[in-house]
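[1] Mind folding the following:
(one chain, ligands or ions: 1)
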Amino acid sequence: MAYSREALIEAVSAQMPDKRWQHTLGVMETSIKLAEMYGADPQRAETAAILHDVAKYWPVERMKDIIVQNGLSAELLQYDKQLWHAEVGAFVAEHEYEITDPGILGAIRYHTSGREGMSLLEKVVCLADYIEPGRDFPGVDEIRKKSMMSLEEGLIAGFDSTISLLLQKRRVVFPLTVLARNDLVRILEEKI
Ligand SMILES: Nc1ncnc2c1ncn2[C@@H]1O[C@H](COP(=O)(O)OP(=O)(O)O)[C@@H](O)[C@H]1O
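    Below you'll find the predicted structure:
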């Protein structure tokens, strides 16, 4: 039988420190708000939000094993370990928590990196992760402001801040985020 909302919350919250669970609660609340605002299904958005960081505190070796043994994105292993939990989270959501909705699984898989051709639900959860009330990094208020204009404006601002920070620190940038950002810029250009 599929997990109830409450059972899912209990199981997922047990896998992370309280601070990260508080962040997840913020992403749940913000995902529902953005879904209502932009015409996505709030319940599906909330389910993806509950699970989005399920693997965030798993040991790196455990994440690596799941990626290798199940033939998930081998390319991902060439990039920052911080990115792995999203791919692993989607796998765990499907195989451990019996989530069968591919839209929810996609929203978990792409919540950190984004991708070209993001679905409405993917945009909602990814943006909620940037702007949930507990976030206070420099520039977050500008992203919040843009999020009230459109999902695309908000996400471009979010991805730009992530990419800028990585460039400043001379870190490797996972290309999917650049593709996601370019795609969103083109979408907005076509609207003009
Ligand atoms: N495109 C990218 N390329 C490389 N590293 C990235 C990229 N996007 C995010 N990261 C890294 O992943 C980290 C975690 O991302 P974040 O959005 O905070 O995930 P979470 O919501 O799970 O905390 C960031 O601090 C950054 O260092």
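[2] Would you agree residue 34 is in contact with residue 150?
    No: contact between residue 34 and residue 150 fails when scored by CB atoms under 8 Å: they sit 10.7 Å apart. Where you see a C-beta, it was placed from the backbone N, CA and C, and this is true even at glycine.
[3] quick one: which of these two has more around it?
    Comparing residue 34 with residue 150 by other CB atoms under 10 Å, the one with more neighbours is residue 34, at 24 against 18.
[4] now that one: how far from residue 176?
    Look at residue 34 and residue 176: by CB to CB, to the nearest Å, they are 21 Å apart.
[5] who touches residue 55 in this structure?
    With contact taken as CB atoms under 8 Å, 6 or more residues apart in numbering, residue 55 is in contact with 15, 63, 84-85, 88-89, 92.
[6] For the spatially most central residue of the chain, what is the enclosing helix or strand?
    When CA atoms, centre = their mean is applied to the chain, the residue found nearest the centroid is residue 111 (1.6 Å). If you go by DSSP states H and E, residue 111 is not part of any helix or strand.
[7] Run a quick check on it versus residue 125, I expect a contact.
    Yes: between residue 111 and residue 125 there is a contact at 5.2 Å, judged by CB under 8 Å.
[8] hang on, the earlier thing: quick one: buried ones out of the contacts of residue 55?
    Among the contacts of residue 55, those classed as buried by 16 or more other CB atoms under 10 Å are 63, 84-85, 88-89, 92.
[9] Could you work out the most separated pair of those residues?
    Greatest spatial distance in these: 84 and 92, 11.8 Å, computed using CB to CB.
[10] hmm, back to that, quick one: which of the buried ones among the contacts of residue 55 sit in helices?
    When DSSP state H is applied, those are split such that 63, 84-85, 88-89, 92 fall in helices.
[11] quick one: which of the residues you listed is nearest to residue 166?
    Comparing these against residue 166 with CB to CB places residue 84 closest, at 16.2 Å.
[12] Next one: that closest one from residue 70, what distance?
    Using CB to CB, residue 84 is found at 13 Å from residue 70.
[13] repeat for residue 190
    Taking CB to CB, one finds residue 190 at 37 Å from residue 70.
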